[in-house]
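Undergrad: give me a model of this one.
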Amino acid sequence: MTSPLESLPNEIFDLIITFLIGHDVTSLRPSSVPDCTPLARLSRCSRLLNSRVDHVLFGTIEARNSALRHGCVRGNLPAIRKAVLRGAHSVTVRRHRRTNNSVRAEPQAGHREASALQLALKARQFDAFELLLNLGLSIAPRDFRDTTILGEQVKTFARKLAEPRNVHFLEAFVNARRNTPYWHKDTKEKCSQAEAVLSRMPFADVVRWASPTLLEKLLDNGAQVNEAVVSRNVVEGQRLPITALGAACLRGDMDVFKLLVARGAQIGISNSLRRQYPKTHSHIPIFMAARHMGETGRTDVLDACVKGGEDIDRPCHIRRAPLPDEYLPPGFLHVCTTPLLTYLDAISSWEARPASTSPGLPGLTPTEGVAHFIKTLGAAMPSPVAPPFKYSLCIWRQDLHDRTYAGVPSAVEFLLVKWGTEALAQPRFFTTIKLLVENDGTGPDLGKLMVRLDGQNNSSTTDFINKEGLWDKFLAVLTPRVSAMDQTTKNILLRRVIVDKGALRHTVYSPSRWVKVRAIGQASIRALVAAGADINDQESVKRLGNHVAGYTPLNRVVSDFVHTDSLVGEYLHDHPRDHRSACPYTADVVEAFGGYLAFLVSLGADPKSEEERWLYDDESSAVEMLIAQIRKSRSRHVGGLVEQSLLKIAAKMQGLEEIPEYTGERDPFSERLGNMIGFSMSYFSRVSCQVEEDV
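TA: Sure thing, here's the model as predicted:
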């Protein structure tokens, strides 16, 4: 049906157009800025109306640009062709927003330049994108009025092309612009538009999904094979650097791996990348190959990296967040990893053989994978020892946590921390642990493993897991190695376990979170004593150039407890009523620590063993250290609860049946300067002795 508007005289029709666009038709200039949105709707009613308003729709610069924007977003090919042929800019000016029917410019939102190709790509209008390329539109310096933002726009365009869903856009752009110069002036660098875009493309993201044919085409046109990019496709929810070869290793495609190596991809890592990303390992190809092996069980990519000259024992410093049961200060731990540890971290199940991505190549089980690392690739066991981090000041708490949680974990420690002691009930897991132990997989620092692992399942439900029994089973595998140690090494190991477990018991950053010495920890100490370690061995201390007998393990634990802020800090003062309930140091806490001391005494530790009093005047025996705290009134708590608890501990350690009652008077709540000075002097004198001992 014919519209009545088609038969209107030109004068009346012009009045209608003037009303619709808000501007006099007779006074339109190329620089005018009319709102042609209503007129565009009218033009779609019939061909005759379209021809009558055509001179207005494309008569101004802003109208042509608006038509070009609309065509790119909506896929209106005739509008794109008309706008470009009549002189529309290939770069749209001002911010644009997409509405239901058109794209309008918003001058009040600020100015921005975006190529017509970018609009079509973002709207995923492939026909419009291809038409723009055929019409000669591009993303080049001559198309931008403000060339200062050119680099960022090209980078954004390249990042969008790298998405898997835009593979057809990428191929069309490379085919159309591989021979089109990017710069027109001779003084500029000569390169094609395809090379200018591909050199800024995150090529590693493309390697994750593209075919070898497409990758080869991209490499021929300027893609950077050795550049690391920060990607979200390595680990979900994280932005991590990765190289193109690392992405090929993570993908596990040997054809892509060989192509990249043939085109110059480095199997190793350059010093510049090592300095640029010092806190992660995702940009090192062999670590990504190890992760792929852990996920699929395939070894071909990892074998190719080792064959290409990469070190299978390469250590890499990383940062790790503390686990829920590690009561550490806020922040990340300075730890290290190796390809073997990365492989073990990628294992997701011990029940079944991992599903390989290649037919005919079944994946290795975790036990077979560990054997492949040790026997085929020659991975060194134990893990390399990373140098400890040196602090400018002596921070004894930080040193304690670093030697317990930081550094390079052994393979056995890594698996037991990640999967828990209850995983020893799984036959394949236990077989893997046994294989690692037989090949020195416990590392050079066995004490770190025993100090860190502790706990017991006290559940009374039907799903009760006897963790202590499983740990005893693990200790039985570990016993031959401990028995093979000489007596001095056994004594040092036992001292390390006893002292550091005691220190973790009362030396924590959050005093309300106690690290208990539970059944597993006691089983470790009991096993070392059964293997022949002397629980009353006195450490050798260097004093004034001479080596003299020092503390026994029990005396060192008590000394650390009574001469740190566990008893003399602000937590044991008479808190005001509002803060009394928040004070974590109560009689129950002190008595609970006494349980650990009683356990050591039951194993043969002598609580009356005396040493020379050279550091503190009250350090003659473990019992005397506890009594001295009461005698000197170093403790302050409501009703003398702590003093009574110390008396109870001292009595139990001596085997006394009757516990004396504490009847001393208590001073009111105050900060005693003498106590603070005494603690400071004793602490710094201890630090100086440690420094002298190191020298």
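Undergrad: tell me where the model's unsure across the stretch 151-300 of the chain.
TA: The stretch 151-300 of the chain contains residues with pLDDT under 70 at 183-189.
Undergrad: ok, which stretches of it are helices?
TA: Secondary structure of the stretch 151-300 of the chain (DSSP state H, counting those that start in this stretch): helices located at 167-177, 193-198, 203-207, 212-220, 244-251, 254-262, 271-276, 285-296, 300-307.
Undergrad: for those, give me a markdown table that also has distance to residue 134.
TA: The way it works is simple: take the backbone N, C-alpha and C, and place the C-beta from them, glycine included. Output for the helices of the stretch 151-300 of the chain, formatted as a markdown table (distance: least, Cβ to Cβ, whole Å):
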| stretch | distance to residue 134 |
| --- | --- |
| helix 167-177 | 8 |
| helix 193-198 | 15 |
| helix 203-207 | 24 |
| helix 212-220 | 20 |
| helix 244-251 | 31 |
| helix 254-262 | 31 |
| helix 271-276 | 41 |
| helix 285-296 | 40 |
| helix 300-307 | 41 |
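Undergrad: wait, residue 141 touches residue 191, no?
TA: No: judged on Cβ atoms under 8 Å, residue 141 makes no contact with residue 191 at a distance of 11.8 Å.
Undergrad: residue ranges with poor pLDDT in the stretch 301-450 of the chain?
TA: By pLDDT under 70, the weakly predicted segments of the stretch 301-450 of the chain are 319-334, 355-361, 382-396.
Undergrad: ranges for the strands of it?
TA: Applying DSSP state E, counting those that start in this stretch to the stretch 301-450 of the chain gives strands spanning 316-320, 333-337.
Undergrad: now the terminal residues of stretch 349-367, how far apart.
TA: For stretch 349-367, the separation between the terminal residues is 12 Å (Cα to Cα, to the nearest Å).
Undergrad: again, but for stretch 161-179
TA: 19 Å.
Undergrad: one more: stretch 262-274?
TA: End residues of stretch 262-274 are separated by 23 Å (Cα to Cα).
Undergrad: and it, what's buried?
TA: Neighbour-count burial for stretch 262-274, counted by 16 or more other Cβ atoms under 10 Å, picks out 265, 266, 267, 268, 269, 273.
Undergrad: looking at the residues you listed, spot the one nearest residue 342.
TA: Ranked by distance to residue 342 (Cβ to Cβ), the buried residues of stretch 262-274 are led by residue 269 at 14.4 Å.
Undergrad: is it correct that that closest one is in contact with residue 283?
TA: Yes: applying Cβ under 8 Å, one finds residue 269 in contact with residue 283, separated by 6.9 Å.
Undergrad: which stretch among the helices of the stretch 151-300 of the chain comes nearest residue 434?
TA: helix 285-296 (19.4 Å).
Undergrad: what is the closest one packed up against?
TA: Counting contacts by 3 or more Cβ pairs under 8 Å, 6 or more residues apart in numbering; DSSP states H and E, helix 285-296 packs against helix 244-251, helix 300-307, helix 339-346.
Undergrad: tell me which of these is the most buried.
TA: Among the helices and strands packed on helix 285-296, helix 244-251 has the highest mean neighbour count (mean count of other Cβ atoms under 10 Å), at a mean of 27.
Undergrad: which helices and strands does it pack with?
TA: So helix 244-251, by 3+ Cβ pairs under 8 Å, 6+ apart, packs with helix 203-207, helix 254-262, helix 285-296, helix 300-307.
Undergrad: would you format the ones you listed as JSON lines with distance to residue 556 included?
TA: As requested, these are exported to JSON lines (distance: least, Cβ to Cβ, whole Å):
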{"stretch": "helix 203-207", "distance to residue 556": "52"}
{"stretch": "helix 254-262", "distance to residue 556": "54"}
{"stretch": "helix 285-296", "distance to residue 556": "40"}
{"stretch": "helix 300-307", "distance to residue 556": "45"}
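Undergrad: figure out which of the helices of the stretch 151-300 of the chain is closest to residue 366.
TA: Proximity to residue 366 (Cβ to Cβ) singles out helix 285-296 among these, at 8.1 Å.
Undergrad: and the angle from the closest one to helix 339-346?
TA: Relative orientation of helix 285-296 and helix 339-346, computed by axes from the mean of the first three to the mean of the last three Cα atoms, to 10 degrees: 40 degrees.
Undergrad: begin at 52 from here
TA: Got it, the first residue is 52 from now on, which makes the last one we talked about helix 336-347.
Undergrad: keeping just the C-alphas, turn helix 336-347 into PDB.
TA: C-alpha atoms of helix 336-347 as PDB (Å, rounded to 0.1, in the frame of the first residue of the first chain):
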ATOM      1  CA  PRO A 336      57.500 -23.300  29.000                       C
ATOM      2  CA  ILE A 337      58.800 -26.400  30.900                       C
ATOM      3  CA  PHE A 338      56.500 -25.500  33.900                       C
ATOM      4  CA  MET A 339      53.500 -25.400  31.600                       C
ATOM      5  CA  ALA A 340      54.600 -28.700  30.000                       C
ATOM      6  CA  ALA A 341      54.700 -30.200  33.500                       C
ATOM      7  CA  ARG A 342      51.300 -28.900  34.300                       C
ATOM      8  CA  HIS A 343      49.900 -30.400  31.100                       C
ATOM      9  CA  MET A 344      51.500 -33.700  32.000                       C
ATOM     10  CA  GLY A 345      49.800 -33.600  35.400                       C
ATOM     11  CA  GLU A 346      46.400 -32.900  33.800                       C
ATOM     12  CA  THR A 347      46.500 -35.400  30.900                       C
END
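Undergrad: hang on, the earlier thing: looking at the helices of the stretch 202-351 of the chain, spot the one closest to residue 709.
TA: Nearest of those to residue 709, taken as Cβ to Cβ: helix 336-347 at 60.5 Å.
Undergrad: still on that earlier bit, wait, which of the helices of the stretch 202-351 of the chain is closest to residue 548?
TA: Closest approach to residue 548 among the helices of the stretch 202-351 of the chain is made by helix 336-347 (31.0 Å; Cβ to Cβ).
Undergrad: relative to helix 295-302, how tilted is the closest one?
TA: Counting by the same axes, to 10 degrees, helix 336-347 lies at 10 degrees to helix 295-302.
Undergrad: quick check: buried residues in helix 336-347?
TA: Per 16+ other Cβ under 10 Å, helix 336-347 contains these buried residues: 336, 337, 338, 339, 340, 341, 342, 343, 344, 345, 346, 347.
Undergrad: just those now: which is nearest residue 645?
TA: Closest to residue 645, out of all of those and judged by Cβ to Cβ, is residue 345, at 45.1 Å.
Undergrad: not counting its neighbours along the chain, what's nearest the closest one?
TA: residue 397 (2.6 Å; Cβ to Cβ, 6 or more residues apart in numbering).
Undergrad: got a list of what that neighbour touches?
TA: Residue 397 makes contacts with 341, 342, 343, 344, 345, 346, as judged by Cβ atoms under 8 Å, 6 or more residues apart in numbering.
Undergrad: what about residue 706, how many neighbours?
TA: By other Cβ atoms under 10 Å, the residues close to residue 706 number 8.
Undergrad: in which helix or strand does it reside?
TA: Residue 706 is part of no helix or strand, with elements assigned from DSSP states H and E.
Undergrad: same check on the one 3 residues further on?
TA: For residue 709, there is no helix or strand it lies in under DSSP H and E.
Undergrad: quick check: chain neighbours aside, which residue is closest to it?
TA: Residue 709 sits nearest to residue 702 (Cβ to Cβ, 6+ apart), 7.5 Å away.
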